[in-house]
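**Q** Sequence first, predicted coordinates after that:
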Amino acid sequence: MFSAALAQQSQEPLSELEKSMDVIIDVFHQYSRREGDRDTLSKKELKLLIEKQLANYLKHVKNKATIDQIMKDLDVNKDAQISFGEMMLLVTRVTCATHEHLHEVEDQQHQHHHHQHHH
């Protein structure tokens, strides 16, 4: 596992953000090493990762793309494999959409209060 090695290099305990980055890397590798190249996701691996790991958050992405569409979008170099960097584009997109969704939910809850928050 990568993360164990990373944690040992530094004596500092990992921050919340670092732990979550570590988890993303670990999750990617749980799927990437199933078939084909150990460091990229095939379409089958990507589909599994999305179904198992992004089921709730992908709901917030407004235009729910099919796996084929996501694959096409992410596969920048067109090698039919998703590298870690390409997968991070999906994570970023979903995270941003979820963030916006949380603000919408918050705004709905605050509508019956008169004061407006500005972010």
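**A** Happy to help now that I have it.

**Q** what's near enough to touch the residue nearest the centre of the chain?
**A** When the chain is reduced to its mean C-alpha position, the closest residue under CA atoms, centre = their mean turns out to be residue 91, at 2.5 Å. The neighbours of residue 91, taking CB atoms under 8 Å, 6 or more residues apart in numbering as the test, are residue 24. C-beta here means a position set from N, CA and C on the backbone, and glycine is covered the same way.

**Q** ok, it to residue 49 distance?
**A** With distances taken as CB to CB, to the nearest Å, residue 91 is found 10 Å from residue 49.

**Q** circling back to that earlier point, the residue nearest to the centre of the chain sits in which helix or strand?
**A** Using DSSP states H and E, residue 91 sits in helix 84-110.

**Q** Pull out the buried positions in that helix.
**A** Within helix 84-110, the residues that count as buried by 16 or more other CB atoms under 10 Å are 86, 87, 88, 89, 90, 91, 93, 94, 97, 98.

**Q** Pick out the most distant pair among these.
**A** Across the buried residues of helix 84-110, the two members that end up farthest from each other (CB to CB) are 86 and 98, 19.5 Å apart.

**Q** before we move on, the earlier item: could you dump the buried residues of helix 84-110 to JSON lines with pLDDT and distance to residue 34?
**A** As requested, the buried residues of helix 84-110 are exported to JSON lines (pLDDT from 0 to 100; distance: CB to CB, whole Å):
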{"residue": "86", "pLDDT": "94", "distance to residue 34": "17"}
{"residue": "87", "pLDDT": "95", "distance to residue 34": "14"}
{"residue": "88", "pLDDT": "95", "distance to residue 34": "19"}
{"residue": "89", "pLDDT": "92", "distance to residue 34": "21"}
{"residue": "90", "pLDDT": "92", "distance to residue 34": "18"}
{"residue": "91", "pLDDT": "94", "distance to residue 34": "19"}
{"residue": "93", "pLDDT": "91", "distance to residue 34": "23"}
{"residue": "94", "pLDDT": "91", "distance to residue 34": "21"}
{"residue": "97", "pLDDT": "89", "distance to residue 34": "27"}
{"residue": "98", "pLDDT": "90", "distance to residue 34": "26"}
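
**Q** Alright, that wraps it up for me.
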